[in-house]
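Q: sharing a model that was predicted from the sequence below.
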Amino acid sequence: MNTSSATPSSNITLQKATRKEWLGLLIIALPCMLYSMDLTVLNLAVPQLSADLNPSSEQLLWIMDIYGFLVAGFLITMGNLGDRIGRRKLLLIGAAFFGLASILAAFANSAETLIAARAVLGIAGATIAPSTLSLISNMFQVPEERTKAIGLWALSYAAGAAIGPLAGGILLEYFWWGSVFLIALPVMVLLLVTGPVLLPEFKDPHARKLDLLSALLSLVAVLLIIYGLKEIATYGISLFRAMAILGGLLVGYIFLRRQAILSDPLIDIALFKIPSFSASLTLYGFGCFVMFGSFFFTYQYMQLVLGLTPLLAGLWALPSFAGFMLGATQGPALLKYLPTHKLIACSLVMAIIGFVIISQLTEKSSVIWTVIAMFFTSIGFAPVVTMATDLVIGSAPPERAGAASAISETSAEFGGATGMAVLGSLGTAVYRSSMLQQNFEQVPATAVSKARQTLGAAVNEAAVLGEAEGSILLNGAQQSFLAGMQVSAWVSVFLLVVLIALALTKLARV
């Protein structure tokens with residue numbers, strides 16, 4: 001039986017969550033974890049997959065990237081579609097397609113089939129984040145309970161990112177590469193069976209027809225920008241990649257202009273006029289910017305500078321998941337003692353400590369210092385995810401919660417992709433500049449030329465050279481990489497200080 005709680009500012013009675021809602025949250029968390037796992041789990045399977053399907057280099061890139069591209073591109077459309085046809089219905093439809101596409105991917109016998117399956121997985125995955133987050137806003141009406149539920153929701157994504165590489169490694173040890181996709185089947189079956197019982201249905205009672213042109217414009221804009229950013233992060237700046245981003249921005253501008261004149265827009269522009277909504281989106285987006293930018297460096301540092309294997313690097317990263325778990329679940333409990341804006345500011349100070357430690361790492365540093373740095377950044381950023389997401393959802397009208405959830409997750413996607421592109425490109429530019437200043441007179445010119453591109457290339461070249469020449473090349477490359485990582489860390493510190501100022505000024509009245 002529900003108990004109730006009256007809000008202090010009104011006579012509205014809010015229903016406290018029962019055991020049914022908390023069980024429903026557990027069911028919601030499982031597909032969220034899978035969504036996150038699918039972004040990373042395939043990385044370990046690339047060698048086996050390549051040997052079996054023999055994809056071209058372009059096909060392999062599409063196999064790896066198309067899932068993330070289509071998730072980002074369809075978030076806004078799926079968030080609005082859930083508001084219109086029902087959030088639970090959309091989630092269950094997405095779960096069914098996710099399961100079917102997982103089977104198709106697992107038993108794909110060609111690169112083209114696997115690309116198609118990954119594309120369907122991406123579209124289905126785009127139903128998960130906005131549907132689950134907006135359902136949480138319906139299931140947990142009391143603000144304190146909703147904040148806790150969103151913390152657990154955010155934790156499920158971090159769990160997927162942490163478990164993905166480990167689970168993939170274990171499966172690949174005993175089974176074929178396609179087995180990494182079959183993890184989804186029992187979870188999606190459980191969701192389809194229990195979802196209709198444990199999850200409520202909600203949709204906008206006054207929803208109008210979905211504007212297909214707006215949906216197309218949002219898809220094209222997001223795909224072009226994310227594509228350009230990811231390509232720059234991987235291969236560096238080029239005219240084509242820059243034009244992709246500029247084209248995406250132009251289409252995005254046309255999209256926003258259209259939303260301003262529609263009577264029932266895909267994105268309610270008025271939401272951005274709410275200070276807590278726009279400030280929270282900025283905090284979330286730029287928080288993902290610095291966090292994903294740091295991932296670009298820390299995993300390379302552990303493997304290519306400290307010499308750890310991928311599995312050991314993944315194991316040493318687990319404490320950062322523990323930090324995220326503590327921050328996401330226990331951080332918001334401190335709202336009893338600190339207002340939201342001060343708690344967010346204090347959390348970001350914790351993240352700054354982590355980045356300051358990263359800026360001091362050398363090739364002789366113990367891996368423990370990397371673990372400590374990642375722990376501080378995670379425990380500092382996690383409460384920001386929870387509280388900023390809570391503010392975004394709480395600022396939007398209930399019937400627009402799906403659209404608001406999609407905007408929130410799109411902000412995170414953009415932030416993460418931009419962080420990897422901008423900070424990654426900055427670090428690469430510093431690396432190449434530093435390499436040009438190194439003295440490699442004793443090393444063959446062809447090896448030096450290749451090593452100046454990336455640290456990974458330098459490691460490969462050093463491995464085939466003699467011990468003396470290889471040592472000179474590798475030491476110079478590692479020093480150059482560390483210079484780039486340190487510059488990126490200090491830029492992240494500066495951005496976090498700006499975010500602290502934003503939180504203290506724009507969220508002071510929340």
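A: On my side now, so go ahead. Source: prediction; values computed, not measured.
Q: now Gln438, nearest residue through space, not along the chain?
A: Computed as Cβ to Cβ, 6 or more residues apart in numbering, the closest residue to Gln438 that is not its neighbour in sequence is Gly476, at 4.0 Å. (Each C-beta comes from the backbone N, C-alpha and C, glycine too.)
Q: likewise for Gly178?
A: In this structure, Gly178 finds its nearest non-sequential neighbour in Ala106, 3.6 Å apart by Cβ to Cβ, 6+ apart.
Q: list the contacts of the one you found.
A: Residues near Ala106 by Cβ atoms under 8 Å, 6 or more residues apart in numbering: Gly178, Ser179, Val180, Phe181, Leu182.
Q: out of these, which is most surrounded?
A: Val180 (28 neighbours; other Cβ atoms under 10 Å).
Q: that one contacts Gln48, correct?
A: No: assessed by Cβ atoms under 8 Å, Val180 is found out of contact with Gln48, at 9.7 Å.
Q: dump the C-alpha coordinates for stretch 146-156 into PDB.
A: This file holds the C-alpha atoms of stretch 146-156, laid out as PDB (Å, rounded to 0.1, in the frame of the first residue of the first chain):
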ATOM      1  CA  ARG A 146      13.700  10.000  -7.400                       C
ATOM      2  CA  THR A 147      17.300  11.300  -6.800                       C
ATOM      3  CA  LYS A 148      18.300   7.900  -5.300                       C
ATOM      4  CA  ALA A 149      16.600   6.000  -8.200                       C
ATOM      5  CA  ILE A 150      18.500   8.200 -10.800                       C
ATOM      6  CA  GLY A 151      21.700   7.500  -8.900                       C
ATOM      7  CA  LEU A 152      21.100   3.700  -9.300                       C
ATOM      8  CA  TRP A 153      20.100   4.300 -12.900                       C
ATOM      9  CA  ALA A 154      23.400   6.100 -13.600                       C
ATOM     10  CA  LEU A 155      25.300   3.400 -11.700                       C
ATOM     11  CA  SER A 156      23.900   0.700 -14.100                       C
END
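Q: and the helices in the stretch 251-400 of the chain, which stretches?
A: 275-300, 310-316, 318-330, 340-359, 367-395 (DSSP state H, counting those that start in this stretch).
Q: go through those helices and pick out the most buried.
A: Per residue and on average, the most neighbours among the helices of the stretch 251-400 of the chain fall to helix 367-395, with a mean of 24 (mean count of other Cβ atoms under 10 Å).
Q: what are the buried residues along stretch 157-170?
A: 157-169 (16 or more other Cβ atoms under 10 Å).
Q: any chance of these in JSON lines, plus secondary structure, distance to Gly380 and pLDDT?
A: As requested, the buried residues of stretch 157-170 are exported to JSON lines (DSSP: H, G, I helix; E, B strand; the rest coil; distance: Cβ to Cβ, whole Å; pLDDT from 0 to 100):
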{"residue": "Tyr157", "secondary structure": "helix", "distance to Gly380": "17", "pLDDT": "77"}
{"residue": "Ala158", "secondary structure": "helix", "distance to Gly380": "13", "pLDDT": "76"}
{"residue": "Ala159", "secondary structure": "helix", "distance to Gly380": "18", "pLDDT": "78"}
{"residue": "Gly160", "secondary structure": "helix", "distance to Gly380": "21", "pLDDT": "79"}
{"residue": "Ala161", "secondary structure": "helix", "distance to Gly380": "17", "pLDDT": "74"}
{"residue": "Ala162", "secondary structure": "helix", "distance to Gly380": "17", "pLDDT": "72"}
{"residue": "Ile163", "secondary structure": "helix", "distance to Gly380": "22", "pLDDT": "75"}
{"residue": "Gly164", "secondary structure": "helix", "distance to Gly380": "23", "pLDDT": "73"}
{"residue": "Pro165", "secondary structure": "helix", "distance to Gly380": "23", "pLDDT": "68"}
{"residue": "Leu166", "secondary structure": "helix", "distance to Gly380": "24", "pLDDT": "72"}
{"residue": "Ala167", "secondary structure": "helix", "distance to Gly380": "27", "pLDDT": "74"}
{"residue": "Gly168", "secondary structure": "helix", "distance to Gly380": "28", "pLDDT": "73"}
{"residue": "Gly169", "secondary structure": "helix", "distance to Gly380": "28", "pLDDT": "70"}
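Q: just those residues now: which is nearest Pro275?
A: Checking these against Pro275 by Cβ to Cβ gives Tyr157 as the nearest, at 26.6 Å.
Q: wait, the closest one touches Ser36, no?
A: Yes: counting by Cβ under 8 Å, Tyr157 does reach Ser36; the two are 4.4 Å apart.
Q: nearest to Arg258, of the helices of the stretch 251-400 of the chain?
A: The closest of these to Arg258 is helix 275-300. By Cβ to Cβ, the value is 20.0 Å.
Q: for the closest one, packing partners?
A: helix 340-359, helix 367-395, helix 401-437, helix 467-506 (3 or more Cβ pairs under 8 Å, 6 or more residues apart in numbering; DSSP states H and E).
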